[in-house]
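Asker: give the three-dimensional model of this entry:
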Amino acid sequence: MTTQKTVGEKIKQIREIKKVSLEELAERSGMEIAMVQMIEQERNIPSLAPLIKIARALGVRLGTFLDDSNSYGPVVVRSGEYHKGVRFTSQASESRDHLNFFSLAFDKAGRNMEPFIIDIEPGQQSDYMLSSHEGEEFIYVLDGSVEINYGKEIYKLDKGDSIYLDSIVLHNVHAGNNQSARILAVVYAPF
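Answerer: Down below sits the predicted model:
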């Protein structure tokens with residue numbers, strides 16, 4: 001039986017296999033060395049944007065960090081059988097919004113899209129960190145309400161609402177009305 005590696009362990013393993021130092025990875029990804037170290041050690045994953053930058057810097061697709069499979073056929077995920085993925089923070093302080101990602105395609109190798117169910121816990125402050133990355137995102141609110149900072153605009157979405165956005169624009173998704181929310185998000189990041 002094999003033990004599933006964490007996102008940070010996978011990044012470190014790929015970096016070492018490709019003989020890329022922490023310094024080189026930080027430079028290639030345009031990130032601080034300390035941030036890359038924190039991600040590898042699973043101490044802080046602020047958003048998808050740094051993972052996309054690291055994937056591009058290492059020459060792998062984003063899904064490489066999120067899955068352990070090499071199945072090329074269709075993937076069926078039954079209700080309630082979501083694969084626990086990554087926990088992101090969306091605020092700069094200790095009082096953070098948390099985004100709990102559950103992958104809906106963890107068994108699909110070679111994929112170009114990343115579909116997730118995301119549970120969003122409400123935060124206590126409004127110091128949301130905006131991030132950007134290449135690609136596009138589709139978000140559908142399954143439960144509760146969310147606020148999306150997108151460029152200079154704020155969009156409020158309730159259950160049943162959706163938004164399709166260009167990820168290159170600075171953005172942040174967080175719980176609305178200080179209550180938990182659940183969304184379906186599909187992220188496309190070109191390789």
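
Asker: do a quick rundown of the strands in this structure.
Answerer: 83-89, 98-103, 113-121, 136-143, 145-150, 153-158, 162-166, 171-175, 181-188 (DSSP state E).

Asker: who wins for proximity to V36 among those?
Answerer: Closest to V36 of the strands of the chain, according to Cβ to Cβ: strand 83-89, at 15.7 Å. Heads up, the C-betas are built off the backbone N, CA and C, glycines and all.

Asker: would you mind confirming that A189 is in contact with R111?
Answerer: No: contact criterion Cβ atoms under 8 Å: A189 and R111 do not qualify, at 10.9 Å.

Asker: now for these two: what residues contact both?
Answerer: R61 (Cβ atoms under 8 Å, 6 or more residues apart in numbering).

Asker: neighbour-wise, which of those two wins?
Answerer: A189 (23 against 18; other Cβ atoms under 10 Å).

Asker: could you measure the closest residue to that one other than its chain neighbours against L62, distance?
Answerer: Counting by Cβ to Cβ, 6 or more residues apart in numbering, G135 is the residue found nearest to A189 once chain neighbours are left out, at 3.9 Å. Distance of G135 to L62, computed by Cβ to Cβ, to the nearest Å: 9 Å.

Asker: between these two, which contacts overlap?
Answerer: I52, V187, A189.

Asker: ok, the second one - contacts?
Answerer: In other words, V187. L48, L62, M113, E114, P115, F116, G135, E136, E137, S167.

Asker: can you put those residues in JSON lines and add distance to D107 and neighbour count?
Answerer: Formatted as JSON lines, the contacts of V187 follow (distance: Cβ to Cβ, whole Å; neighbours: other Cβ atoms under 10 Å):
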{"residue": "L48", "distance to D107": "20", "neighbour count": "25"}
{"residue": "L62", "distance to D107": "16", "neighbour count": "23"}
{"residue": "M113", "distance to D107": "14", "neighbour count": "16"}
{"residue": "E114", "distance to D107": "13", "neighbour count": "27"}
{"residue": "P115", "distance to D107": "12", "neighbour count": "19"}
{"residue": "F116", "distance to D107": "14", "neighbour count": "25"}
{"residue": "G135", "distance to D107": "22", "neighbour count": "21"}
{"residue": "E136", "distance to D107": "23", "neighbour count": "15"}
{"residue": "E137", "distance to D107": "22", "neighbour count": "20"}
{"residue": "S167", "distance to D107": "24", "neighbour count": "20"}
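
Asker: thank you, goodbye.
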